[in-house]
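Asker: no sequence on this one, just coordinates:
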């Protein structure tokens, strides 16, 4: 189990820290965390904030205590940036699918949901989550600690993939995910999308966008889209999400980020000014960051 210090360090990767960086080029919360955890004395004062993040990530990567963020960041590094590219793929975090939220979904030529079951997670809710994801996304993969493998092989449908995270943070394939378009459900897919994306799907499918009150738009748009096959809707969904949530402008920014911050940086699409603020914050020397207020 994680210690009190580790639970404190996990907060360094919270959205609150990045929001502070984006707005103010600093974070008083980050300063409090590194001071309370004793990092100001255990690391060289010349270390940058980015190097501090990498150090914290390393501390939290020990088998048995790895949390969801560690897994999510490895998926971002090894799959999104390792196999794909921000020019061709979109990395969506916490995407709603009926009663569940997929930890990460990658949209490239298809849609693949990655559900994380970390060293500390139970598998109790997994059957329901998988049922929901298979109605919205073409492929589903569970990324888990090796201790879960036998249970996963027994409980998961054959088309659901299984990846394990090694002690050295590499991903190993236990079972390849298979595309399963037959399980998709129209209402589930449409419910997962933003209203603007439903509107874009209508245009993409050659449908006139009706002029209706705001309160009726989602209902009417969904009724029109319901006349199309799930395969057509899935194909349109992938194209629309890749356009509406595209992260091409993040490519150069990500190249300048520490490896430990890939997933944190991809939570939102910061403006040019916010990117500059974030980069300035992570380049700040530790001896200056400890005095942030």
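Answerer: All right, it came through fine. As the structure is a prediction and not an experimental result, all values here were calculated from the model.

Asker: CA only for contacts and neighbour counts going forward, please
Answerer: OK.

Asker: partners of the residue most central in space within the chain in the sheet?
Answerer: Nearest to the geometric centre of the chain sits residue 93, at 3.2 Å (Cα atoms, centre = their mean). Residue 93 has these beta-bridge partners by DSSP bridges: residue 104.

Asker: need the contact list for it.
Answerer: Listed by Cα atoms under 8 Å, 6 or more residues apart in numbering, the contact partners of residue 93 are 102, 103, 104, 105, 267.

Asker: gap between the second one and residue 54?
Answerer: Meaning residue 103. 22 Å (Cα to Cα, to the nearest Å).

Asker: picking up where we left off before, just send the contacts of residue 93 back as JSON lines, with neighbour count too.
Answerer: Below are those laid out as JSON lines (neighbours: other Cα atoms under 10 Å):
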{"residue": "102", "neighbour count": "22"}
{"residue": "103", "neighbour count": "19"}
{"residue": "104", "neighbour count": "21"}
{"residue": "105", "neighbour count": "23"}
{"residue": "267", "neighbour count": "14"}
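
Asker: tell me which helix or strand comes right after the helix or strand where residue 149 lies.
Answerer: Using DSSP states H and E, residue 149 maps to helix 149-155. Where DSSP H and E defines the elements, the next helix or strand beyond helix 149-155 is strand 161-165.

Asker: what pairs with that following strand, parallel or antiparallel?
Answerer: strand 139-144 (parallel), strand 171-175 (antiparallel).

Asker: mean confidence score for it?
Answerer: For strand 161-165, mean pLDDT rounds to 97.

Asker: my guess is residue 5 meets residue 38, correct?
Answerer: No. Taking Cα atoms under 8 Å as the definition, residue 5 is not a contact partner of residue 38, at 9.4 Å.

Asker: can you pull the residues that touch both of the two?
Answerer: Joint contacts of residue 5 and residue 38 (Cα under 8 Å, 6+ apart) do not exist.

Asker: for stretch 275-290, buried residues please.
Answerer: 275, 277-282, 284-287, 289-290 (16 or more other Cα atoms under 10 Å).

Asker: which two among these are spaced furthest apart?
Answerer: The most widely separated members of the buried residues of stretch 275-290, counting by Cα to Cα, are 275 and 287 (22.4 Å).

Asker: OK, contacts around residue 62?
Answerer: residue 167.

Asker: switch to 10 Å and redo it
Answerer: Contacts for residue 62 (Cα atoms under 10 Å, 6 or more residues apart in numbering) come out as 2, 70, 119, 167, 168, 169.

Asker: if I look at the second one, how far off is residue 143?
Answerer: Read that as residue 70. In terms of Cα to Cα, residue 70 sits 11 Å off from residue 143.

Asker: does residue 91 touch residue 247 like I think?
Answerer: Yes. Using Cα atoms under 10 Å, residue 91 is in contact with residue 247, at 7.9 Å.

Asker: between those two, who's got more neighbours?
Answerer: Ranked by neighbour count (other Cα atoms under 10 Å), residue 91 and residue 247 place residue 91 first, with 23 against 20.

Asker: neighbours around the closest residue to the more buried one other than its chain neighbours, how many?
Answerer: Nearest residue to residue 91 in three dimensions, chain neighbours excluded: residue 106, at 4.8 Å (Cα to Cα, 6 or more residues apart in numbering). When neighbours are counted by other Cα under 10 Å, residue 106 registers 24.

Asker: please name every helix or strand in contact with the helix or strand harbouring residue 106.
Answerer: Applying DSSP H and E as the criterion places residue 106 in strand 100-107. If you count contacts as 3 or more Cα pairs under 10 Å, 6 or more residues apart in numbering; DSSP states H and E, strand 100-107 packs onto helix 68-75, strand 90-97, strand 111-117, helix 126-133, strand 139-144, helix 230-244.

Asker: rewinding a little: can you list the buried residues in the helix holding residue 149?
Answerer: 149, 152.

Asker: repeat for stretch 133-149
Answerer: Neighbour count says stretch 133-149 has 133-146, 148-149 buried, by 16+ other Cα under 10 Å.
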